[in-house]
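Q: predicted coordinates and the sequence they were generated for:
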Amino acid sequence: MHIDTVRAAYRRYAGVYDLVFGKSFEAGRQQTLDSINRRRGLRVLEVGVGTGLSLPDYHPDNIIVGIDASEEMLRLAHERVAKKGLKNIESLVEMDAQKMTFEDASFDVVVAMYVMTVVEDPKAVMDELKRVCKPGGDIYIVNHFSAEKAGLRLKFERMIANFAELLGWHADMPMTPLLSNAGIEIVKISKLPPFGMFTMVHCRNQDTSGEAMLQGAG
Ligand SMILES: C[S@@+](CC[C@H](N)C(=O)[O-])C[C@H]1O[C@@H](n2cnc3c(N)ncnc32)[C@H](O)[C@@H]1O
């Protein structure tokens with residue numbers, strides 16, 4: 001979706017977002033944060049941080065920066081940080097994930113949960129996730145990826161893809177074209193509830209300088 005459409009959609013959804021999506025997206029957030037929280041002293045970027053549902057669950061020794069395109073979603077994230085007294089949130093900034101203003105290699109870990117199917121250009125976001133992540137750092141993507149083989153599921157996803165603007169997300173985004181030739185190594189792919197509808201992909205940013213920074217995530 002064009003970023004203006006995204007902003008308009010989330011202006012409408014913001015007030016009810018936690019109620020509608022809080023529970024159904026919980027498993028992906030939890031599994032991702034469990035993996036990140038095994039390590040300490042990290043600077044983490046959460047792209048499409050939304051209302052900040054995940055923010056209280058990061059280990060306090062990891063520093064978090066969040067970005068989102070929607071001012072209204074971010075306002076709720078700021079309120080959550082204040083209410084919960086979270087001290088490890090460095091900043092929450094309005095920014096387009098397709099054109100971030102961070103320097104290269106700014107973060108140890110970069111996370112995008114339930115964002116890729118919402119943005120206009122997922123490949124541009126993938127390039128940005130890689131650019132702002134340190135070489136050897138970790139990238140986590142949680143998303144619904146569409147079927148890659150012919151069958152009923154693919155037919156259904158192609159049919160509802162016509163309603164992308166109305167639904168606010170693209171149902172027909174396969175994983176392979178997004179991740180292949182992206183300069184990343186896949187560490188782990190996990191299917192998530194409900195019904196394996198969502199997938200968590202844990203990737204390692206390949207070190208183009210040849211000095212891989214090996215870290216024990218998994
Ligand atoms: C489905 S919500 C997911 C929110 C949060 N990650 C969660 O797990 O609840 C998608 C979020 O991505 C944000 N978003 C969409 N397009 C974006 C873009 N181009 N740049 C930054 N954020 C974007 C939306 O504003 C929204 O807050």
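A: Cool, got the structure.
Q: only C-alpha atoms for contact and neighbour calcs from this point on.
A: OK.
Q: for the nearest residue to L129 once chain neighbours are set aside, pull up the helix or strand it's in.
A: Nearest non-adjacent residue to L129, counting by Cα to Cα, 6 or more residues apart in numbering: V110, 6.4 Å away. If you go by DSSP states H and E, V110 is part of strand 107-113.
Q: and that strand, average pLDDT?
A: What strand 107-113 shows for mean pLDDT is 98.
Q: and for stretch 182-189?
A: 94.
Q: quick revisit: kindly state the beta-bridge partners for the residue nearest to L129.
A: Counting by DSSP bridges, V110 forms beta bridges with L45, I139.
Q: the strand holding V110 and the ligand, any residue contact?
A: Yes: judged by Cα under 6 Å from any ligand atom, strand 107-113 comes into contact with the ligand at M113.
Q: output the contacting helices and strands for that strand.
A: Strand 107-113 sits against helix 26-36, strand 43-47, helix 122-132, strand 133-143, with contacts defined as 3 or more Cα pairs under 8 Å, 6 or more residues apart in numbering; DSSP states H and E.
Q: including mean neighbour count, distance to the ligand and mean pLDDT, could the ones you listed go into a markdown table?
A: As requested, the helices and strands packed on strand 107-113 are arranged in a markdown table below (neighbours: other Cα atoms under 10 Å; distance: least, Cα to the nearest ligand atom, whole Å; pLDDT from 0 to 100):
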| stretch | mean neighbour count | distance to the ligand | mean pLDDT |
| --- | --- | --- | --- |
| helix 26-36 | 18 | 6 | 96 |
| strand 43-47 | 24 | 6 | 98 |
| helix 122-132 | 20 | 8 | 96 |
| strand 133-143 | 25 | 8 | 97 |
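Q: give the contact list for the residue nearest to L129.
A: By Cα atoms under 8 Å, 6 or more residues apart in numbering, the contact list for V110 reads V44, L45, E46, V47, L129, V132, C133, D138, I139, Y140.
Q: so what would you say the end-to-end distance of stretch 111-123 is?
A: 15 Å (Cα to Cα, to the nearest Å).
Q: next, the buried residues of that stretch.
A: Neighbour counts over stretch 111-123 (16 or more other Cα atoms under 10 Å) mark V111, A112, M113, Y114, V115, M116, T117, V118, V119, E120, P122, K123 as buried.
Q: for the fourth one, phi and psi?
A: Dihedral pair for Y114: phi 60, psi 40, per degrees, to the nearest 10.
Q: got the contact list for it?
A: G48, I141, V142, N143, H144.
Q: same thing but 10 Å
A: 25, 28-29, 47-50, 141-144, 169, 198-200 (Cα atoms under 10 Å, 6 or more residues apart in numbering).
Q: and if you look at the fifth one?
A: Counting by Cα under 10 Å, 6+ apart, V115 makes contact with 47-50, 68, 97, 122, 125, 141-144, 169.
Q: how about low-confidence regions in this structure?
A: 147-171, 208-218 (pLDDT under 70).
Q: what does it put close to the ligand?
A: Counting by Cα under 6 Å from any ligand atom, the chain sits next to the ligand at 3, 6, 10, 48-50, 53, 68-70, 73, 95-98, 113-115, 118-119.
Q: thanks a lot, catch you later.
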